[in-house]
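Peer 1: need the 3D shape of this:
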Amino acid sequence: MTEEAAISDKELDPNSTRGKIARFSSLLSQQIKNNWQQNYPPESRKHLRSFSSSEVSELVGIAPATLRQMSLDNEGPQPARSDGNRRMYKLEQINELRSFLAEKRPAQSLQFNPRRREKDGMQIVAIANFKGGCAKTTTALHLAQFLALQGLRVLAIDLDTQASLTEMLGVQPVLEVGDNETVFGVLRYDEERRPLPEIIRPTYFAGLDLVPGQSELQYFDYETPAAIISNKYVGDEYFIRRLATALRSVEDRYDVVVIDAPPQLSYLTLNAVYAATGLIIPVQSAMIDVASMNQFLYMMDEMLEQMAHFGAPVDHEFMRFLLTRHIPHDVPQVNIAAMLRSLFGESVLTAAVVETTAITNAGLENKTLYELEKGSVGRDTYNRAIESVNAANTEIFHEILKVWGR
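Peer 2: Next comes the predicted model:
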């Protein structure tokens, strides 16, 4: 804090608007910290559940009888036994099983182990839109976990100052993410800039790493206008190329990067869009959401035109709209969904993610659908939710595989 700022704070009128805001912010921050420390003590960490043999069979693509026989023959990773004597596998073991089967059946190696080959480029999928409440973070989170469940090496990047993705992946932004430990530390314009590998964290979800977010991300938008005016940062250092440049340093470590972009057209969002090979735009099939998305598309078009003019053209391998929080029996929603499909054709994913209490209830436990224990919500509710999420994620996965020539 500068001397002038310290003096200003001492002279701050506690009854002024700024004084009240400063006091309320301090009180609330301390209470949030207290609550987090009580609910998530330092020794407390999220753990991913184990998976039943039927779930493993479906994930890996082999018959349940084959998996059972492998266990009896001591082939591949050996599962633990539940209280009911059911075979249960950890995600790490599922990945071991994929590698074992890929080696044992070379003709099917890509089916069992779909990681990118040396000639395949790392795919960077940005999830972006203006509208809050369109399930942007939920989409990014479930997609990242789904891809990890398929055996891919995934990096999730949280560019949102609210840092919901970070919290859902087991990291408390206020308590556990310090200064210069977000993408801001990688993109900043001064001598404190850090290499991307230094700020990547493993998560409890095997195959999924995280670049966390927190409030310091806003500083990039504050600092970028001055950097643009200075004309000092050109080529790979140009403001819009900085994330793409940083991601090249981890190409050998990951198959897919999933970026949760901020809910506004900021410099961070533009970095995400420029770096991306694929763009997913989640939208709720309600007119206010569609109108907001239209503004997003209009402003994005103007920004892309300017970027191309200054030598930074943007193109993507795929761009798809994803209908979220969809209620199949709501007539206005059905009509709006039909309108979008009529206007945008195949650019709208066939699957829509349904509005469901299963996702809400999972969120209350700081979990995703993939982390819920069966029985945590009603069977029909869970099945309907997981089927819609899996269907949407499978379509995106196939877009990635298509880019890889499969």
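
Peer 1: over to the closest residue to residue 196 other than its chain neighbours. Which of the three states is it?
Peer 2: Distances taken as Cβ to Cβ, 6 or more residues apart in numbering put residue 246 closest to residue 196, at 4.4 Å, once the chain neighbours are dropped. All C-beta atoms are positioned from the backbone trio N, CA, C, and that covers glycine. In the three-state summary, residue 246 is assigned as helix, counting by DSSP: H, G, I helix; E, B strand; the rest coil.

Peer 1: tell me the confidence at residue 246?
Peer 2: With respect to pLDDT, residue 246 scores 98.

Peer 1: could I get the contacting residues of it?
Peer 2: Contact analysis of residue 246 by Cβ atoms under 8 Å, 6 or more residues apart in numbering lists 183, 186-187, 195-196.

Peer 1: buried sites along stretch 310-326?
Peer 2: 312, 314, 317-326 (16 or more other Cβ atoms under 10 Å).

Peer 1: so where's the protein shaky on pLDDT?
Peer 2: Within the chain, the ranges that satisfy pLDDT under 70 run 1-11, 32, 35-44.

Peer 1: tell me how far the residue lying closest to residue 20 once chain neighbours are set aside lies from residue 29.
Peer 2: The shortest distance from residue 20 to any non-neighbouring residue, by Cβ to Cβ, 6+ apart, is to residue 14 (7.4 Å). Taking Cβ to Cβ, to the nearest Å as the measure, residue 14 and residue 29 are separated by 17 Å.

Peer 1: need the phi and psi values for the residue positioned nearest the centre of the chain.
Peer 2: Centroid-nearest residue in the chain, with Cα atoms, centre = their mean: residue 140, separated by 3.3 Å. The phi/psi pair for residue 140 (degrees, to the nearest 10) reads phi -60, psi -40.

Peer 1: ok, now how distant is it from residue 20?
Peer 2: Using Cβ to Cβ, one obtains 35 Å as the distance from residue 140 to residue 20.

Peer 1: equivalent analysis for residue 317, please.
Peer 2: Counting by Cβ to Cβ, the gap from residue 317 to residue 20 is 50 Å.

Peer 1: of the contacts of residue 246, select the buried ones using a ChimeraX command.
Peer 2: The ChimeraX selection below is limited to those of the contacts of residue 246 classed as buried (16+ other Cβ under 10 Å):
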select :183,186,187,196
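
Peer 1: before we move on, back to that, which residues touch the residue nearest to the centre of the chain?
Peer 2: With contact taken as Cβ under 8 Å, 6+ apart, residue 140 is in contact with 127, 156, 165, 258-260.

Peer 1: now those residues as CSV including distance to residue 388, secondary structure and neighbour count?
Peer 2: As requested, the contacts of residue 140 are exported to CSV (distance: Cβ to Cβ, whole Å; DSSP: H, G, I helix; E, B strand; the rest coil; neighbours: other Cβ atoms under 10 Å):
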residue, distance to residue 388, secondary structure, neighbour count
127, 17, strand, 29
156, 21, strand, 28
165, 20, helix, 28
258, 19, strand, 31
259, 23, strand, 31
260, 20, strand, 28
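
Peer 1: dump the residues you listed to a markdown table, plus distance to residue 68.
Peer 2: Putting these into a markdown table (distance: Cβ to Cβ, whole Å) gives the following:
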| residue | distance to residue 68 |
| --- | --- |
| 127 | 38 |
| 156 | 34 |
| 165 | 37 |
| 258 | 34 |
| 259 | 40 |
| 260 | 39 |
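
Peer 1: looking at the contacts of residue 246, which are in helices?
Peer 2: The helices in this structure, assigned by DSSP state H, contain 183, 186-187 from the contacts of residue 246.

Peer 1: burial measure for residue 380, as a count.
Peer 2: Neighbours of residue 380 under the rule other Cβ atoms under 10 Å: 9.

Peer 1: perfect, that will be all.
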